[in-house]
Every structure is written in structure tokens, then in C-alpha cells.
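> sequence first, predicted coordinates after that:
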Amino acid sequence: MLSFKKPSAVSSPKRADFPILRNNQALVYLDTAASAQKPDAVLRAMSHVAETYYANIHRGIYKNSQVTTDAFERARETVSRFINAPDTRGVIFTRNTTEAINLVASSWGRAHLKAGDEIILSAMEHHANIVPWQMLRDEIGIEIKIIPLKQDCTLDLEAYEKLLSPRTKLVSVVHISNGTGVINDVKTIITKAKTYNPQIITLVDASQSVVHSKVDMQSLGCDFLAFTGHKLYGPTGVGVLAGKYEILEALPPYQGGGDMIETVTWDKTTFRAPPARFEAGTPAILEVIGLAAAIDYLGDNFYAGEDDLSKYTFEKLSTIEGLTIYGSHAPRIGIFSMNFAGVHPTDVAEILNQQNIAVRSGHHCCMPLMQALGVTGTFRASLGLYNIKADIDKLVEGLIKAKGLLS
Ligand SMILES: Cc1ncc(COP(=O)(O)O)c(C=O)c1O
């Protein structure tokens, strides 16, 4: 399902590539699941374009516009290869994962769903994969079914099979939970849906999985896949919706405006084929090129080191008495969501903050997941490719101190 390359040592040869860490030697950044830091390669790629040939794309006859257009379209090819998309023309640049899922809910959802139809989500979805569907439910009367969590924080796939029905039109699930770090067997989830009824549309929220593993859209067999650039060491303001071309080709636009039309008269507008149909207005040109630079920078070995550091982190955290790590025995990556009994997670995060250790606290935009875990929130440490053992040692020291002060 996911493949992690084994590194020879627990280290981070890439740490020196991140200016923020060079400039803040004492910073222990453990919030990559929220947003990753940016390497020189990304910052330089964006400033290089801005300083040498930047112009708007797809419309200028002059040289700089054409060079920028080429760089933008090459970025689409880079993204397509990165996720092994079935068709580069199905790779759409959005603002982020949130917009990618809203695009599917709005364009595909309104075109294909009617009152009484059912869609299946999971108990561990980010709000980005809940709220757009609830808005659609309230608009047209679809029903949302939820794959429940098991005790070990994995999804109950037996219960999932029972949710599939002749009314099921879509299954949309997160690949790796940002709330617990648990890896879902999305290939099995997709296969079960397609075996039940090949017409069921499947969407994978790959926001965390593209950061930590090789994600292969064709091997997963999903119809749509969404991710966001800023967690992948790329810039903010750019995300991706990759979809099967034949599905996109039959869909109406999501937004209207420049660059997505063929002809406009006062009577009628005709639309371009995808991806242009879904990219209304001037896109995030520099950021799209920056995202491709992040993917190039990561190369094939982007997750080397993480598996060992993740194990090291888990072992170290497990020595802290009274600490609950949610989904600790499930298949997982380096996102650790934790609590001390009777202690508010934000108080823990604040004490860590005083020691220059950045972790997230709260519901992580997964309120229903928190409800299923029986908590209002957790504190969360998430690893990036710049983290080293010393960061983990400081985290553990900080947690022991926080526990002493708060309990
Ligand atoms: C699993 C998952 N899905 C969706 C999102 C939303 O990403 P964005 O805010 O970039 O749209 C996040 C961000 O935390 C996430 O972790």
C-alpha cells in the first residue's frame, strides 16, 4: 500500500536546505502536518521566475508570457508524474485541498446527485472532506454515511461494506489522517466500492500521504485525488485536484471567468476542455512553479529517514508515563496525536512553545474524529524531513516538564 525506503541512519541531510532552520537554530518545528517549511529550492525557483521572465500565462504573444506558460504547464506534467495521474489533462491547479474537494462537490455533486442518494465518508475526515458534502446535503437532500472507527483508531472496513448500497454514489476518504497519523487502506476501500458498483465515484484526500509516501493514483484506482502544496514543502495558495479525464470532460465548470472559456457573447458562453475549464482566472503562477520545484527537490527519496525517526519518536514517547498516543498500534506515519489525562492539550502546547518547540493543539480540523476519540482535542507532533533525533529528545524533555507542571 505505502512503501517507505529504509535509510541507513537517523539523520536529516536536508535540514541545512531550510533557511528558517538555519536562521533559527533553536527552533524545534514539529508541525509539518499543518504546514511544512520551505527549502531554498522552492524559494529560489519562485524568485527566479519573478526576477527574470514573469508574465501572465496562456494569453501573451510576447516571449516572457510564453516562457512562463511553458514553466506553468511543465509544472502540471511534474505533478502528473509525481502522483502517476491517469492523464495530465486531468491535473487541475486549485488553491488547496479544500478548494479541490469543493470543486468536486460543487461540479460533480450538483451534476450527479439527487435527493436520497448516498455518499460515504469516514470518521476521520478533515473538515475539508466533510463540510462541502454537508452543504450539498442541505441543498439537495443527499444522505451522508460514515465509516466508523475501531478501538485501535483504524477504520472498520466490515462496517464499511455494509454501508455500500444501490444508492451509494460516492466514497470519499482520507489516505492518512492528520488527526492521528493512521494510514487507511484506501486501495481496499476503493476496490470494494468499485466491485460493488463500478459507477461509484471515489475520491482520496492525499493531503498528508503525498508528504510521507509514494502515492500512485493509477494503482489506487481512484477517480479523484486531492492534495495541497504547502504541506509538501511547497508554497501556500496552490493545491491539486487530479481526476479521470473522461469524468472531468463531462462536468460543468466550478467557477466562471477568464481563461476557461472558448467564446463569450451576451447570449451564450462556451467552455474550454479540462483542465482549463476548472481554472478560471489568473492562477497562482509562481506558486504552481514553486510546487513543481518542491516535487523536484524531494526526488525519489523524499521520505528516506522518516520511518526510522518515526520509530525512534514512538519508542521515546512510549516511555512517558500517563501519555496516550492515539492510534499507537495502527499502521501509521510520523504524526503523533497525544494527551495527558485531565490536562488541557493547549496548556501542554504552550509549555512546549515556551521551550521553542512548535506543536499543534486542538481539534486539528477533525472535530468528528475528536468526538469519536472522546476528547475535545489533542496536542500533535508531526515530523518533516528536516527533523532529527535531537528534536525528539527535546520534545520528550518538554513533555515530561509539562506533565510535571500541569498534573
Ligand atoms: C487530511 C487533510 N485534508 C485536508 C486538509 C486541508 O488542507 P488545506 O487547508 O490546505 O486545504 C488538511 C490540512 O490540514 C489535511 O491534513
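Yes, it's here.
> run a quick neighbour tally on His363.
18 (other CB atoms under 10 Å). Just so you know, the C-beta spots here come from the backbone N, C-alpha and C atoms, and that holds for glycine as well.
> would you agree it is in contact with Ala372?
No. Assessed by CB atoms under 8 Å, His363 is found out of contact with Ala372, at 11.6 Å.
> let me see the domain layout of the protein.
15-38+301-406, 43-299 (automatic domain parsing).
> residues of the stretch 301-407 of the chain that sit close to the ligand?
Applying CB under 6 Å from any ligand atom, we find that the stretch 301-407 of the chain lies next to the ligand at Cys365.
> contacting residues around Thr202?
Counting by CB atoms under 8 Å, 6 or more residues apart in numbering, Thr202 touches 170-172, 189-190, 193-194, 221-224.
> which among the residues you listed gets closest to Ser310?
Ile189 (23.4 Å; CB to CB).
> make sure the closest one is indeed in a helix.
Yes. Judged by DSSP: H, G, I helix; E, B strand; the rest coil, Ile189 forms part of a helix.
> quick thing: my sequence starts at 594, can you match it?
Will do, 594 is the new start, and the previous item becomes Ile782.
> mind checking the SS state of the nearest residue to it once chain neighbours are set aside?
Once flanking residues are discounted, Ile782 sits nearest to Val766: 5.6 Å by CB to CB, 6 or more residues apart in numbering. At Val766 the chain is in strand, as set by three-state DSSP.
> what about the residue nearest to Ile676 when sequence neighbours are not counted, distance to the ligand?
Once flanking residues are discounted, Ile676 sits nearest to Met810: 4.8 Å by CB to CB, 6+ apart. Distance of Met810 to the ligand, given as CB to the nearest ligand atom, to the nearest Å: 16 Å.
> list the contacts of Met810.
Counted by CB under 8 Å, 6+ apart, Met810 has contacts 676-679, 797, 818, 835.
> show me where the stretch 844-993 of the chain has helices.
In the stretch 844-993 of the chain, helices defined by DSSP state H, counting those that start in this stretch lie at 878-891, 899-911, 938-947, 960-966, 982-999, listed in chain order.
> turn the ones you listed into a markdown table, including mean pLDDT and mean neighbour count.
Shown next, in a markdown table, are those (pLDDT from 0 to 100; neighbours: other CB atoms under 10 Å):
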| stretch | mean pLDDT | mean neighbour count |
| --- | --- | --- |
| helix 878-891 | 97 | 24 |
| helix 899-911 | 93 | 18 |
| helix 938-947 | 98 | 18 |
| helix 960-966 | 97 | 19 |
| helix 982-999 | 97 | 17 |
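> among the ones you listed, which is nearest Asn689?
Using CB to CB, the helices of the stretch 844-993 of the chain put helix 878-891 closest to Asn689, at 10.4 Å.
> point me to the residue of the stretch 844-993 of the chain nearest the ligand.
When you check the stretch 844-993 of the chain against the ligand by CB to the nearest ligand atom, the closest residue turns out to be Cys958, at 5.7 Å.
> what about the residue positioned nearest the centre of the chain, which helix or strand?
Among the residues of the chain, the one closest to the centroid is Ser800, at 0.8 Å (CA atoms, centre = their mean). For Ser800, there is no enclosing helix or strand under DSSP states H and E.
> wait, it touches Ala819, no?
Yes. Using CB under 8 Å, Ser800 is in contact with Ala819, at 7.1 Å.
> overlap in contacts, the two.
With CB under 8 Å, 6+ apart, Ser800 and Ala819 have common neighbours Thr690.
> contacting residues around Ser930?
Applying CB under 8 Å, 6+ apart, the residues near Ser930 are 772-774, 918-920, 957, 971-973.
> most neighbours among those, please name it.
Going by other CB under 10 Å, Gly772 tops the contacts of Ser930 with 31 neighbours.
> wait, that one touches His957, no?
Yes. Using CB under 8 Å, Gly772 is in contact with His957, at 4.8 Å.
> between these two, what contacts are shared?
Joint contacts of Gly772 and His957 (CB under 8 Å, 6+ apart) are 719, 930, 963, 971, 973.
> please list all residues in contact with the last one.
Applying CB under 8 Å, 6+ apart, we find Arg973 in contact with 624, 626, 772, 928-931, 952-954, 957.
> in JSON lines: those residues, plus pLDDT.
Output for the contacts of Arg973, formatted as JSON lines (pLDDT from 0 to 100):
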{"residue": "Asp624", "pLDDT": "98"}
{"residue": "Ala626", "pLDDT": "97"}
{"residue": "Gly772", "pLDDT": "98"}
{"residue": "Ile928", "pLDDT": "97"}
{"residue": "Phe929", "pLDDT": "98"}
{"residue": "Ser930", "pLDDT": "98"}
{"residue": "Met931", "pLDDT": "98"}
{"residue": "Val952", "pLDDT": "98"}
{"residue": "Arg953", "pLDDT": "97"}
{"residue": "Ser954", "pLDDT": "97"}
{"residue": "His957", "pLDDT": "96"}
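> how many neighbours does His651 have?
His651 has 18 nearby residues by other CB under 10 Å.
> check the residue nearest to Ile676 and give its pLDDT.
Looking at Met810, its pLDDT reads 98.
> look up how far Ala866 lies from it.
20 Å (CB to CB, to the nearest Å).
> same thing with Val941?
Counting by CB to CB, the gap from Val941 to Ala866 is 51 Å.
> ok, now Gly920?
For Gly920 relative to Ala866 (CB to CB), the value is 42 Å.
> before we move on, what about Thr687?
For Thr687, the distance to Ala866 - CB to CB - is 17 Å.
> of these two, which one has the most company?
Thr687 (25 against 12).
> tell me the predicted confidence for that one.
On the pLDDT scale, Thr687 gets 98.
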